[in-house]
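1. I'd like to go over a predicted model; first the sequence, then the structure.
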Amino acid sequence: MLVFVDESGDSGMKHREGTSKYFVVTAVLFDDDEEAVACDNGIGDIRAQLEFPPYREFRFNSCSRKIREHFLRLVAEFQFFYLAVVIDKCKIHNQFLMREKEKFYNYMVGLVFENLKPRLNDAKVILDRNGGIKFRQELSKYLKKKICEPGGKSLLKKVKMDPSHSNNLLQLADMVCGAVARSFRIDKEDKGFYRNIIRERELDVSVWPK
């Protein structure tokens, strides 16, 4: 089992112009490793169809509507599923989370995995390589300790960080997360368009706090 995680929006808690109202964390799940390989190759084919160089990333915020639609329609044919937590930062009053940006990020990723618990089994988790080594190590320990069976055994086999530019499935997570985040943008005419394309792959999208 493979799980790829990405986020949309900024994790800063100061409500000022230019900061996002929502912070979205999305996990893309493959129950079958062979299907993950097929999807990886499929994204490589999309890049070739668009005549993109090998190093060009698919990132939702930097793609045109045409590319977003093309990408999402093609990947929707593969057997993956996704789950997302949408954090309304205006409703968070926990001073600890508001002060500690990295703790905030860890906690929100933890929320996603709490929701995924019923589906997890010896999962290998891959996240975008953000932050320093200490931050990555702390996040890995946090998830392995938090996401456990009742007897204490971790449901996560491994937590690793990869650079997104060399990992097509992290780019998939970015595009899916971007589609979910866009669906909460009431100022955008296309707000529900992209998420509807991949609706059959959706396990759950929840807003936190309630």
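-> Alright, I've got the coordinates.

2. and the helices in the chain?
-> 33-49, 65-75, 95-99, 101-116, 133-146, 168-182, 193-197 (DSSP state H).

3. so for the second one, what gets flagged as buried?
-> Neighbour counts over helix 65-75 (16 or more other C-beta atoms under 10 Å) mark 67-68, 71-72, 74-75 as buried. No exception for glycine: its C-beta is placed from N, CA and C like everyone else's.

4. what sits against Glu149?
-> Leu155 (C-beta atoms under 8 Å, 6 or more residues apart in numbering).

5. over to it: give its phi and psi.
-> For Glu149, the backbone dihedrals are phi -70, psi 170 (criterion: degrees, to the nearest 10).

6. tell me if I'm right that Leu143 and Gly110 touch.
-> Yes. Using C-beta atoms under 8 Å, Leu143 is in contact with Gly110, at 6.7 Å.

7. which one of those two is surrounded by more residues?
-> Per other C-beta atoms under 10 Å, whichever of Leu143 and Gly110 has more neighbours is Leu143, with 22 against 18.

8. ok, and the closest non-adjacent residue to the more buried one?
-> Spatially, and ignoring its direct neighbours in sequence, Leu143 is nearest to Val159 (5.5 Å; C-beta to C-beta, 6 or more residues apart in numbering).
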